[in-house]
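Peer 1: need the 3D shape of this:
(2 chains)
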There are 2 protein chains.
Amino acid sequence: MPRILRINTRTKEFIFEELGEYAGLGGRALTSKLVNKEVPADCHPLSSSNKLVFAAGILANTGAANSGRLSCGAKSPLTGGIKESNTGGQFAQVLPRLDLLAIVFEDKPAQDAPFSIIEIYADKVVFKDATAIAGKDNYPAHEELKKMYGEKVVTALAGPAGEQCLAASTIQFSDPHLNPARSAGRGGMGAVMGSKKVKAVVLDPAASGRTNAADPEKFKVARKRWTEILTGHPVTGEGLPAYGTSILVNIINEAGALPTKNFRTGRFDDVADISGERIAEIIESRNGKTKEGCHTGCVIQCSQRYNDKNGDYLTSGFEYETVWGFGANCLVKDIDTIATMDRVCDEKGIDTIEMGCTMGVAMDGGILEWGDGDGALALLRKVGSADPMGRIIGNGTVFAGKAFGVDRIPTVKGQALPAYDPRSVKGIGVTYATTPMGGDHTAGYAVATNILKIGGDVDPLSREGQIELSKNLQIATASIDALGLCLFVAFAVLDTADAVQCICDLVAASHGIEFTADDFIALGVNTLKNELEFNANAGFTKFDDQLPRFFSEETLEPHNTIWDYSVEELQAAKV
Amino acid sequence: MPRILRINTRTKEFIFEELGEYAGLGGRALTSKLVNKEVPADCHPLSSSNKLVFAAGILANTGAANSGRLSCGAKSPLTGGIKESNTGGQFAQVLPRLDLLAIVFEDKPAQDAPFSIIEIYADKVVFKDATAIAGKDNYPAHEELKKMYGEKVVTALAGPAGEQCLAASTIQFSDPHLNPARSAGRGGMGAVMGSKKVKAVVLDPAASGRTNAADPEKFKVARKRWTEILTGHPVTGEGLPAYGTSILVNIINEAGALPTKNFRTGRFDDVADISGERIAEIIESRNGKTKEGCHTGCVIQCSQRYNDKNGDYLTSGFEYETVWGFGANCLVKDIDTIATMDRVCDEKGIDTIEMGCTMGVAMDGGILEWGDGDGALALLRKVGSADPMGRIIGNGTVFAGKAFGVDRIPTVKGQALPAYDPRSVKGIGVTYATTPMGGDHTAGYAVATNILKIGGDVDPLSREGQIELSKNLQIATASIDALGLCLFVAFAVLDTADAVQCICDLVAASHGIEFTADDFIALGVNTLKNELEFNANAGFTKFDDQLPRFFSEETLEPHNTIWDYSVEELQAAKV
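Peer 2: Numbers count the residues shown, from 1 in each chain, chains lettered A, B, ... in the order given. Below is the predicted model:
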């Protein structure tokens, strides 16, 4: 029976609990319900009242393809609202092997208390002094943990940014390739972990075994079909494996929606230097890998091993949004510099999307020259150090904008906007504006239907149909996040008639319950309702569900589009 | 006929306008109506859409005692809501001599445009290059302006903090004693001025003459009675002239409401070292002055000339809230250090209340030791420099709290709380929570009735009567601010039966209009309605009308009081 482990980070007490009212939930459905129910909406995100929740999905460790995503939930230090930050890595696969669905970190030690390593076992929790790794970057810290617990140790790490409680800080999770390269990137979850003086969480290295399905035969059939669905779709079976998410660089640039120079135009002159095709060439020429999974059981393999000029490992999980943020958005065209920035972000534990926009704002503020990749790299390296500039950068785009006196701030609810200009991909603009997560593409990826023509064809430049599209995608995404499935399964699901039924069969067979398409939808709707309720209690209103004014004041080349939804219209995108 | 001067800071065009729909208004009533009507509530405070308004009061330059206060209005970079920041100095007295009621600064030049000095004449506006004073501290900059325009030049200055658009930046106004010592302190008005690349505003040195009353005889009678009312009251006629506002140090400490160590207790062990009585002793021993007015025509004279150990001028406008913020709140007991901090704040152009709380947060974050006045002074001196720490400090309490990972943040709507703990002066707590200005004591100074027993006697420790008290004071204050009267006249007004009628007679006689007590109230109510409407459109809700949770979670010694109003209850304090 899966349980919830609650750990009091002040008293070091712990308790293994039955799921109780959280039964039937998992992933984002669990984190959002728990945070809404147990965290006071008006608390300071770094206070003892906040809770940090790691939750595996409903299908975690069942063997269903791409079911190993982890949800990290809390009140966000970045947005002030509820947050689910979704990540790959091995954590969600191993958690169920300890009969755990979720871990909840509660309370906090004194401001000057030392950091801990928290070891998680099936029957106990052990706090270890973290002096050996406190202050260390994530890769060296993970190397130390490997020495202590073995090569394959599964860890969660707060980087130097998280230790300083900076609002753009990530939690880094170890991947199947033994690197801490997977980020719960968005919303400052690392700061919540840091405020609780948790440097690392380590899962019992002896944990093993797969979670048995209640109906093994039915599950086997559904699992096989599920893999076929994913491997048979051109995006999940061909495009993503070949080029990773950076396949989008050329596609979005061609669509005139690649935000360039802090969202000033929709095309980047030097796009060829940073395209997915170019990246794949470089990877192959340096004996890297163009295909890797972020967790075992992934059949899409959109990650990669990006080596440096010497052929040594530099980074992985090198996403389109990162390439865009440090590339087109900052007019930087040297892809090795951009890859190094990705690595530095993983080392310090800071979100690459937030940092991409932060660097754009630093350039607008005259702190850096446009296109100065080395200067940007130097700024990122200050994060987590004693240099106060590092505190400015590590707190993200809104914060840096205030520090540098800049008024062009591409954020919603305090969170930086990703790599799709909302004026020319209007569906994603609706998601940015209305998701309870703040500026976020993953919460309802309308780029799929607007640009990739998956699940239909809604003109990206037109106002028509975008609100309904975003709303439906937000619901489906919340369900997918609850199941622990990778968001990219949605590409195949949207184009495959029996895909939702197949997912329902996986849930039903693994848990021995009824689970229908209606249940699938309800899971998402209820999750969003919890999130919207929390945000309303935290003081969010319809006026927070808007894009920054400059999107309504400046047209975007090449299509000369503008953002043109009213405050009231956008409310229809919310459940 | 008084006019409004509008200046486009980008095109350098200007226009003198009739009052039109703003006729009958002045001071805060004018700034708040104009900002609500003309500034989009969702704009970035540093963007071209924001407007900065300087407005003299309805009674400005009439010769009525204490009628020379100026209102500075804009969307606040600190709170994100509407702001009226009220200041002394000569500006509001001289503006009417140019037939001007208000100046509106609109639009903004490019980010890299040079700063200007703007000269204001009755028939023209001249932009001068500000290279000679850009980057300079306020006193040296004002010295340069004296050389250029004469000793008695009346100026408004953005300090180094305002030039950097920092959210705690003030606008400094020149006083009758030829120093730039009067601050429009709260809400970051200096940042709005800086964003528009205005370093200084200079009023025509040749401006002269008093505004003639429409009914000189009636005015003369009312004016005489008005002066009697003010000089006859024990607070405005004796207490404030003798000790300045720091007379409150002992009173509030005795009441157990002097926030000590970032609002942890209500009494300060070393209070004797920083009391108003001690300050007066020091001033007299160094040949300073215990009585000075912040503008000509002041009969209360609560300001002072505080000299250093060598007998040289150090600072003035050295208020109780400043003494508290750098003193009790930070456990600093050396009054000369505190006075020097006051001077440095005036030099850099940063709000002393915001800085007092910022230093407390820096101490909670381990950046400074508790009681380290010299360290605090060193941090303040960084503001406006190239050191990024200066940008952190200069953006105020919430910002510094995020930079330093601190969760004990004594602010409402992003603005630092002043020198009265709301748990033991509950009336002022209601004002902090509900005024559209954010944490602000001046918006409804319930300390008067709670502690000083002026205008009645409402027990400061009890929940009873505070909401109605605060609401009524908020209305009266908005009216007083519209008239350009000093807030301190309220002490006498609340205790004097014919005082409101006397004010009405002053307005009626000076403008030749009917003006009743109902009109006086309506002026305040309508002003508040404009402010609340703006804030609602900017996304503020009842959840923003709350104190930080720690006031409801921790009791305050010595009375063991707690903040205990519900979200809904507090809404009754709003008009």
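Peer 1: quick check: mean pLDDT across the lengthiest helix in chain A?
Peer 2: Ranked by residue count under DSSP state H, the longest helix found in chain A is helix A:517-537. The average pLDDT within helix A:517-537 is 98.
Peer 1: same deal with stretch A:342-350?
Peer 2: Here stretch A:342-350 scores 98 as its mean pLDDT.
Peer 1: which SS class is whichever residue of the stretch 101-250 of chain A sits closest to chain B?
Peer 2: Nearest residue of the stretch 101-250 of chain A to chain B (Cβ to the nearest Cβ) works out as A:C165 at 3.0 Å. Just so you know, the C-beta spots here come from the backbone N, C-alpha and C atoms, and that holds for glycine as well. Using DSSP: H, G, I helix; E, B strand; the rest coil, the structure places A:C165 in coil.
Peer 1: now do the same end-to-end measure for stretch A:398-416.
Peer 2: End-to-end distance for stretch A:398-416: 8 Å, by Cα to Cα, to the nearest Å.
Peer 1: in the stretch 451-575 of chain A, which spans are strands?
Peer 2: Shown for the stretch 451-575 of chain A, no strands are assigned by DSSP state E, counting those that start in this stretch.
Peer 1: buried stuff in the longest helix of chain A?
Peer 2: Residues A:520-521, A:523-524, A:526-535, A:537 are the ones in helix A:517-537 that count as buried (16 or more other Cβ atoms under 10 Å in any protein chain shown).
Peer 1: by contact count, what packs against that helix?
Peer 2: Identification of packing neighbours for helix A:517-537 by 3 or more Cβ pairs under 8 Å, 6 or more residues apart in numbering or on different chains; DSSP states H and E yields helix A:27-38, strand A:82-87, helix A:466-483, helix A:499-511.
Peer 1: which parts of the longest one are buried?
Peer 2: Same thing as helix A:466-483. By neighbour count on 16+ other Cβ under 10 Å, the buried set for helix A:466-483 is A:466-467, A:469-483.
Peer 1: quick check: angle from it to helix A:27-38?
Peer 2: Orientation check (axes from the mean of the first three to the mean of the last three Cα atoms, to 10 degrees): helix A:466-483 against helix A:27-38 gives 90 degrees.
Peer 1: for helix A:466-483, give the mean pLDDT please.
Peer 2: Taken as a whole, helix A:466-483 carries a mean pLDDT of 98.
Peer 1: so which of the buried residues of helix A:466-483 also contact chain B?
Peer 2: Contacts with chain B are made by none of the buried residues of helix A:466-483, judged by Cβ under 8 Å from any Cβ of the partner chain.
Peer 1: ok so, going back, could you dump the helices and strands packed on helix A:517-537 into TSV with distance to B:T79 added?
Peer 2: Formatted as TSV, those follow (distance: least, Cβ to Cβ, whole Å):
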stretch	distance to B:T79
helix A:27-38	27
strand A:82-87	23
helix A:466-483	31
helix A:499-511	47
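Peer 1: show me where the stretch 301-450 of chain A has its helices.
Peer 2: With DSSP state H, counting those that start in this stretch, the ranges of helices along the stretch 301-450 of chain A come out as A:320-326, A:335-348, A:352-364, A:373-382, A:388-394, A:397-404, A:426-434, A:447-450.
Peer 1: of all the ones you listed, which one comes closest to A:I117?
Peer 2: Closest of the helices of the stretch 301-450 of chain A to A:I117 is helix A:335-348, at 18.4 Å (criterion: Cβ to Cβ).
Peer 1: which residues touch the closest one?
Peer 2: Contacts with helix A:335-348, where a contact means Cβ atoms under 8 Å, 6 or more residues apart in numbering or on different chains, come from A:137-139, A:159-161, A:170, A:172, A:180-181, A:183, A:273-274, A:278-279, A:282, A:306, A:308-309, A:314-315, A:317-318, A:322-323, A:326-327, A:332, A:351-352, A:355, A:373-374, A:376-377, A:380-381, A:383-384, A:394.
Peer 1: quickly list what A:T87 is bridged to.
Peer 2: Residues in a beta bridge with A:T87, per DSSP bridges, are A:L70.
Peer 1: pretty sure it is touching A:G185, no?
Peer 2: Yes: using Cβ atoms under 8 Å, A:T87 and A:G185 qualify as a contacting pair, with a distance of 7.3 Å.
Peer 1: which of these two has more residues huddled nearby?
Peer 2: Set side by side, A:T87 and A:G185 show more neighbours around A:G185, with 31 against 27, by other Cβ atoms under 10 Å in any protein chain shown.
Peer 1: correct me, but that one touches A:D351?
Peer 2: Yes: the criterion here is Cβ under 8 Å, and A:G185 meets it with A:D351 at 4.2 Å.
Peer 1: give me the common contacts of those two.
Peer 2: Listed as contacting both A:G185 and A:D351 by Cβ under 8 Å, 6+ apart are A:T170.
Peer 1: wait, isn't A:V198 in contact with A:A158?
Peer 2: Yes: A:V198 sits in contact with A:A158 when judged by Cβ under 8 Å, with a separation of 6.4 Å.
Peer 1: tell me, what's touching those two both at once?
Peer 2: With Cβ under 8 Å, 6+ apart, A:V198 and A:A158 have common neighbours A:F115.
Peer 1: who's more crowded, these two?
Peer 2: A:A158 (32 against 28).
Peer 1: in the sheet, who's paired with that one?
Peer 2: A:I171.
Peer 1: just the pLDDT at it, thanks.
Peer 2: What the model reports for A:A158 is a pLDDT of 98.
Peer 1: so it touches A:S195, yeah?
Peer 2: No: between A:A158 and A:S195 there is no contact under Cβ under 8 Å: 9.5 Å.
Peer 1: which residues do these two both contact?
Peer 2: If you check A:A158 and A:S195 against Cβ under 8 Å, 6+ apart, no residue is contacted by both.
Peer 1: ends of stretch A:203-215, how far apart?
Peer 2: 28 Å.
Peer 1: ok, now which ones touch the closest residue to chain B within the stretch 351-500 of chain A?
Peer 2: Here the stretch 351-500 of chain A gets closest to chain B at one residue, A:G405, 3.0 Å apart by Cβ to the nearest Cβ. Neighbour list for A:G405: A:365, B:46, B:164-166, B:191, B:194-195 [criterion: Cβ under 8 Å, 6+ apart].
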